[in-house]
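# one predicted model, sequence on top.
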Amino acid sequence: MNGKGRPKGNKMKKSRAETAKTRKKIIDAASRLFRRDGIHATGLAEVMSEAGLTHGGFYRHFNSKEQLVTEAFCAGSDGLYHTVEAVVGNKTGKRAVKAIIDNYLTPRHKDNPGAGCAFASMGAELGRADDNTRAAVSEDFLRLVDAIAKHMPEKKPSAARADALFTLSAMVGALTMSRAVNDPKLSASILAAAKDRLPPLAE
């Protein structure tokens, strides 16, 4: 017991919980800003301000910006994975795959990069990231591929995985280009064309 009659262990647990909570706030803020504004365009001071914290506290939680990039990407990727699972619900087969595609290729998703797919929002910069980040990108990309492939049970596993690889790559590419062009009609056409042509892969 300490001088106030409270177990030291409880104080340590509270301190660890507060540290973990603060760390999560930084990761969540970075994930939003990196997806919305880009990794290189977003400074650590901006991330900490978004999290409601001072810049000086960053290195109590992370060794480098690169480490934060990895964890911020993973947070965004986890969000996408859970969205995919929620959208599918009890659907199976091509209905499940179509639900994933229809939910992903929407104007709302296009217009809200800070809350959307980390692969589309951060992809170009992730290709120049460090080895740890790229390993996380690879792992999370394959996790989403598997989440799509499992809804193609009528196909051989190798064929289902190949179709899922193409489907996810096409969705990410279509979303990326729909944001890149400056013609609203062309942007909408990109999303519509991808949405119309991808579902047959699930049949």
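Structure received. Note that the coordinates shown come from a computational prediction; the quantities given were computed from them, not determined experimentally.
# element containing Ser121?
According to DSSP states H and E, Ser121 maps onto helix 118-126.
# and after that helix, which helix or strand comes next?
Helix 118-126 is succeeded, C-terminally, by helix 131-149 (DSSP H and E).
# then that following helix to CSV, C-alphas only?
What follows is helix 131-149, C-alpha atoms only, in CSV (Å, rounded to 0.1, in the frame of the first residue of the first chain):
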residue,chain,number,x,y,z
ASP,A,131,10.0,-2.2,-45.1
ASN,A,132,7.9,-2.5,-41.9
THR,A,133,5.1,-0.4,-43.4
ARG,A,134,5.1,-2.3,-46.7
ALA,A,135,5.0,-5.6,-44.8
ALA,A,136,1.9,-4.4,-43.0
VAL,A,137,0.4,-3.3,-46.3
SER,A,138,1.0,-6.7,-47.9
GLU,A,139,-0.5,-8.6,-44.9
ASP,A,140,-3.6,-6.4,-44.7
PHE,A,141,-4.2,-6.5,-48.4
LEU,A,142,-4.1,-10.3,-48.4
ARG,A,143,-6.4,-10.4,-45.4
LEU,A,144,-9.0,-8.4,-47.5
VAL,A,145,-8.4,-10.6,-50.5
ASP,A,146,-9.2,-13.6,-48.4
ALA,A,147,-12.3,-11.9,-47.0
ILE,A,148,-13.6,-11.6,-50.6
ALA,A,149,-12.4,-15.0,-51.8
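# what packs against that helix?
helix 65-88, helix 118-126, helix 157-180 (3 or more Cβ pairs under 8 Å, 6 or more residues apart in numbering; DSSP states H and E). Glycine gets a C-beta too; all of them are placed from N, C-alpha and C.
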